[in-house]
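**Student:** The amino acid sequence is not available; the structure is as follows:
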């Protein structure tokens, strides 16, 4: 009798361990890089990582700052024929102060990320007129292509789309848009911005549900374009 009970206990423990091990990857808590309001930066398991992202990766905070400054948003209603900041509704996705704070933590996150991780961020910026505004999303690297998902860009926690009577707290879901289809993401310089249809299915990622909030940056083209922008214009001093 004792042997039977012991055997049952062992089997139960084995099944419990097997269940936990099968779910621990998907249910594992995020790795905290920075957790001090108003900014949170984590490494989160990415179920859509496919063959694996190119992590860990060395991307400097200066390079990430250039990328963050290059990301812009455009109101969705004015999308026809848009280029970066092509209409009066175009604006940077990140304020200069936000870039300064966020870029170093993103660099730390990429250095610690595994091939199955996504670097995520959640930033709250106070606004006197609209209250707390949320900018959040995720980044990952595939080869030399840096994917930037901008789920929210200075989005109000009081979403008109969902008629919220109280503020939405989505800090634990940085890829969840507070209001969907309100804006599209863009990038400048455009020479470093890769159209989504050129990488879809080639880099081994599962497409984001709203690709208008996804920009893909070619890191190899970016330094060349930055250097080109820094060069003095020889015609500038001509009459």
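**Tutor:** Sure thing, it's come through. Nothing here was measured: the structure is a model prediction, and the numbers come from that model.
**Student:** what element comes up after the helix or strand bottoming out on mean pLDDT in the chain heading to the C-terminus?
**Tutor:** Lowest on mean pLDDT, DSSP states H and E among the helices and strands of the chain sits helix 2-27, with a mean of 41. Using DSSP states H and E, the helix or strand that follows helix 2-27 in sequence is strand 31-36.
**Student:** Give the buried residues for that following strand.
**Tutor:** Residues of strand 31-36 classed as buried by neighbour count (16 or more other C-beta atoms under 10 Å): 33-34. Glycine gets a C-beta too; all of them are placed from N, C-alpha and C.
**Student:** Tell me the helices and strands packed up against the helix or strand that it is followed by.
**Tutor:** Toward the C-terminal end, the helix or strand that comes next after strand 31-36 (DSSP H and E) is strand 39-45. Packing contacts for strand 39-45, counted by 3 or more C-beta pairs under 8 Å, 6 or more residues apart in numbering; DSSP states H and E, involve strand 31-36, helix 96-112, strand 117-127.
**Student:** The first one pairs with which strands, and in what direction?
**Tutor:** In the sheet containing strand 31-36, the strands it pairs with under DSSP bridges are strand 39-45 (antiparallel).
**Student:** Residue 201 belongs to a helix, doesn't it?
**Tutor:** No: assessed with DSSP: H, G, I helix; E, B strand; the rest coil, residue 201 is coil; it does not lie in a helix.
**Student:** Quick check: it vs residue 195, distance?
**Tutor:** 13 Å (C-beta to C-beta, to the nearest Å).
**Student:** what does residue 149 give?
**Tutor:** On the measure of C-beta to C-beta, residue 149 and residue 195 end up 16 Å apart.
**Student:** Who has more neighbours out of the two?
**Tutor:** Per other C-beta atoms under 10 Å, whichever of residue 149 and residue 195 has more neighbours is residue 149, with 20 against 9.
**Student:** Tell me the confidence at the residue lying closest to residue 31 once chain neighbours are set aside?
**Tutor:** Closest residue in space to residue 31, ignoring its immediate chain neighbours: residue 43 at 4.0 Å, by C-beta to C-beta, 6 or more residues apart in numbering. pLDDT for residue 43: 97.
**Student:** got the contact list for residue 43?
**Tutor:** 30-31, 33, 109, 112-114, 117-120 (C-beta atoms under 8 Å, 6 or more residues apart in numbering).
**Student:** tell me which residues form a beta bridge with it?
**Tutor:** As for beta bridges, residue 43 partners with residue 31, residue 119 under DSSP bridges.
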